[in-house]
Structures are given as structure tokens and as C-alpha cells.
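Q: Just the structure for this:
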Amino acid sequence: MAESVAPNVAMLDHALEGLRAAGARLARVVMIGGGKSYGEHLGPYKTPAKESDPRHLGPIFYNDQEDLLRERGRRDGRDGFSWTVLRPDIVIGPSLGSPMNLLTSIAVYAALCGQDGVPLRFPGTREAYTALHQITDADLLAEATAWALTGGTAAEAIFNITNGDLFRWEHLWPRVAGLFDMP
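A: So this is what the prediction gives:
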């Protein structure tokens, strides 16, 4: 995680600087973060997470990018911009050519298990199997992003964006296996 901080912060900083140098006047920058802000990548964490929960101390590039947005928005003076951070959870929806699509990954895994004639075993840990999870529909995230770009109440704020349905893989995984007609 520590190695990902500098390149990700530099990428955002260079994009903001390039836009400024090109004369673009930013009104609002919307950044998409996620559950790593709450430490979900390290194991169990409080669910559902709340925007008011303390930051995970990291290292995590989301925190550094948020700090950069705050600083650049203030530093750029009267031509500064406001920012909004959206934190979806597991995003589900169309994602052509992306390896970050959980539904596609599950389908490929099921196809491989089916080809080998083995049951569709959950590929994660027991803790992940029994933990509470949330989903964010890609269309919902798109609507939230459009609102965050112009909504007055979205400025200088962080929003968790989820469908609101909590689930545990231990209850869902047998249904997933059933969709593929697999034990």
C-alpha cells in the first residue's frame, strides 16, 4: 500500500496542474474512493461504515489524494475549486475490459470450476465469507457523481454510495452456485 501513495497522488496533482496550466477553471472535483478509507482491505471493520468514522491511518493513497484536493482547492485562491469524495463499496455493473469487475470474475471462476467438475467453492477467507458487505450499482454511482458535480450540498463533503443492501457471502454464495447449476 505504501508504494501506491506517491504515484497516485502525483497522478492527481499532475492532472490538476495540467488543467490549471491549460486555463481550465475547475468548479468542483469529484474523487471516487472506497472502503479502503475505513480499512476494509485489512480485515473486519465497522459496517456499515459512516462518513464521520475516523480515517484509516494508512498508508493509503485515498487519504493523501483527499488532502491534496483540500489543499489545492484552497491554494488556488479565488479561482479555487470545491471537492467531493464519493466512497462506493463493491461496484457492480457494466465494466468492459476491466479486471475490476467482480461479476465477471465470479462468472470466469464458475466456468473454470465447472470445466474441472469441482464445486463452486468460495475463494476467500472464512472471515470474508461471514462478514457484512455492501454493493454499489454502477448506475447509482454515475447518478451520484452527476449530482456531486453540481449539488451545492455536495461541496467539501464525503459520501458513502451504496445500494443500502447488506449481505453476507455465506447466504448469497449458494444462490450464486445455483445460478450456474453447480454444487
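Q: Would you mind finding the longest strand in this protein?
A: Determined from DSSP state E, the single longest strand within the chain is strand 82-88.
Q: partners of that one, with directions?
A: strand 28-32 (parallel), strand 157-161 (parallel) (DSSP bridges).
Q: For the chain, which segments are assigned as strands?
A: Going by DSSP E, the chain shows strands at 28-32, 82-88, 90-92, 133-137, 157-161, 166-167.
Q: Look up the closest residue to residue 156, ignoring the ones flanking it.
A: Leaving aside its sequence neighbours, residue 156 sits nearest to residue 82 (Cβ to Cβ, 6 or more residues apart in numbering; 5.6 Å). Every C-beta, even on glycine, is put in place using the N, C-alpha and C of the backbone.
Q: my guess is that neighbour contacts residue 153, does it?
A: No. With contacts counted by Cβ atoms under 8 Å, residue 82 stays clear of residue 153, the gap being 11.1 Å.
Q: The two: which has the busier surroundings?
A: Neighbours were tallied for residue 82 and for residue 153 using other Cβ atoms under 10 Å; the higher tally belongs to residue 82 (17 against 10).
Q: and residue 84, how many residues sit next to it?
A: Neighbour count for residue 84, taken as other Cβ under 10 Å: 23.
Q: meant to ask about residue 154, not that
A: Going by other Cβ under 10 Å, the residues that sit close to residue 154 add up to 21.
Q: Kindly report the same for the one 4 residues further on.
A: Using other Cβ under 10 Å, residue 158 has 18 neighbouring residues.
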